[in-house]
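In: I need the structure of the sequence given here:
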Amino acid sequence: VRSISAANSVRPQRTSLRAETAVSDNGYEPVEPGSNRSAVIILLTDGENTTGPDPVQAAGLAANRGVRVYTVGIGTPEGQQIDVGGWKVHVRLDEATLKKVSEITRGEYFHAASASELKSVYQALNSRLSSERVETEMTAVFSAGAAMLTTLAGLLSLLWFNRFVS
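Out: Numbers count the residues shown, from 1 in each chain. I've put the predicted structure just below:
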């Protein structure tokens with residue numbers, strides 16, 4: 001795609017790599033939505049799409065990979081201005097989109113109108129999601145790597161100083 005500027009010079013139009021990759025499936029073999037137990041997204045948003053890929057399409061890609069998306073909606077359907085770090089931000093809750101995203105991915109939708117409700121939502125999510133800490137012994141891997149480097153150093157030394165015994 002090309003665009004012509006005011007000076008009549010032709011230059012390629014820039015496109016967002018993230019937007020392109022977010023909507024293509026690249027031949028991925030789909031799995032059952034929500035089947036990947038170790039992949040979860042918690043999306044805290046007003047749901048209003050202002051730029052980037054379509055949220056429902058992105059949810060479809062997540063669902064094809066078994067990722068469950070829990071959506072947490074903030075704001076009101078009428079819209080309001082909130083102060084975020086000194087910036088005034090207009091937020092308008094799009095519950096329909098957030099419910100659709102969570103439905104497609106077999107997640108769940110929550111609404112948080114206040115900080116206390118948001119805390120309750122996170123407590124509810126914490127009880128549904130669990131994490132497991134697994135300790136893995138890495139000594140053998142490092143020992144094998146060190147043995148390989150030592151052997152390689154010995155072989156290179158023999159080659160360098162030409163000390164092969166026949």
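
In: Return the distance of the helix or strand containing residue 145 from the chain's centre.
Out: Secondary structure from DSSP states H and E places residue 145 in helix 139-161. Its chain's C-alpha centre and that of helix 139-161 lie 39 Å apart, by Cα atoms, centre = their mean, to the nearest Å.

In: Taking the centroid of this protein, which residue is nearest it?
Out: residue 41 (7.4 Å; Cα atoms, centre = their mean).

In: Please, which helix or strand holds that residue?
Out: Counting by DSSP H and E, residue 41 is part of strand 40-45.

In: Please identify the buried residues of that strand?
Out: 40, 43, 45 (16 or more other Cβ atoms under 10 Å). C-beta: built from backbone N, CA, C; applies to glycine.

In: Stretch 153-161 too?
Out: For stretch 153-161, it's none, nothing buried (16+ other Cβ under 10 Å).

In: Looking at that stretch now, give me its mean pLDDT.
Out: Here stretch 153-161 scores 88 as its mean pLDDT.

In: Equivalent analysis for stretch 39-47, please.
Out: Mean predicted lDDT for stretch 39-47 stands at 87.

In: Please compute how far that stretch lies from its chain's middle.
Out: 10 Å.

In: What are the contacting residues of it?
Out: 55, 62, 65-75, 91-95, 97-98, 101, 107, 118, 125, 129 (Cβ atoms under 8 Å, 6 or more residues apart in numbering).

In: Which members of those residues are classed as buried?
Out: Buried, going by 16+ other Cβ under 10 Å: 55, 62, 65-75, 91, 93-94, 97-98, 101, 107, 118, out of these.
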